[in-house]
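K.L.:
Fold the stuff below for me.
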Amino acid sequence: MKRYSWVSFVSLAFGIMACVFIYTYRNPEIMQFGIPINASIGIIFSIIAFFKKSEKKIIALIAFLLCLAALLFLLTVITVAGMGQT
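P.N.:
Numbering: from 1, shown residues only. Just a heads-up that it's a prediction; the model follows:
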């Protein structure tokens, strides 16, 4: 019987924390280091959850998408911050 395990919930927690760090714009160091670290750990845990045979995949998929969205947001911010400079 497939069920959720702690791996799915840990990956979801890291995905949510990565998205929360998007809103810490008053402290750019937290945003600069918190998003990539949390998103990377969340992606690793969600990939582990994908390959477990006794695991439901929906929470791992949601966590993977949250982490990916946070990383894409950070990449967009870094790209746009460099525009307009000569």
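K.L.:
rest of the way, CA atoms for contacts and neighbours
P.N.:
Fine.
K.L.:
Any figure for the gap between residue 62 and residue 36?
P.N.:
17 Å (Cα to Cα, to the nearest Å).
K.L.:
Kindly report the same for residue 45.
P.N.:
Going from residue 45 to residue 36 by Cα to Cα gives 14 Å.
K.L.:
Kindly report the same for residue 30.
P.N.:
10 Å.
K.L.:
higher neighbour count, these two?
P.N.:
Applying other Cα atoms under 10 Å to residue 30 and residue 36 shows that residue 36 carries more neighbours, namely 19 against 14.
K.L.:
Leaving out chain neighbours, which residue sits closest to that one?
P.N.:
Excluding the flanking residues, the one nearest residue 36 by Cα to Cα, 6 or more residues apart in numbering is residue 71, at 6.5 Å.
K.L.:
contacting residues for the one you found?
P.N.:
Residues near residue 71 by Cα atoms under 8 Å, 6 or more residues apart in numbering: 35, 36, 39.
K.L.:
All good on my end, thank you.
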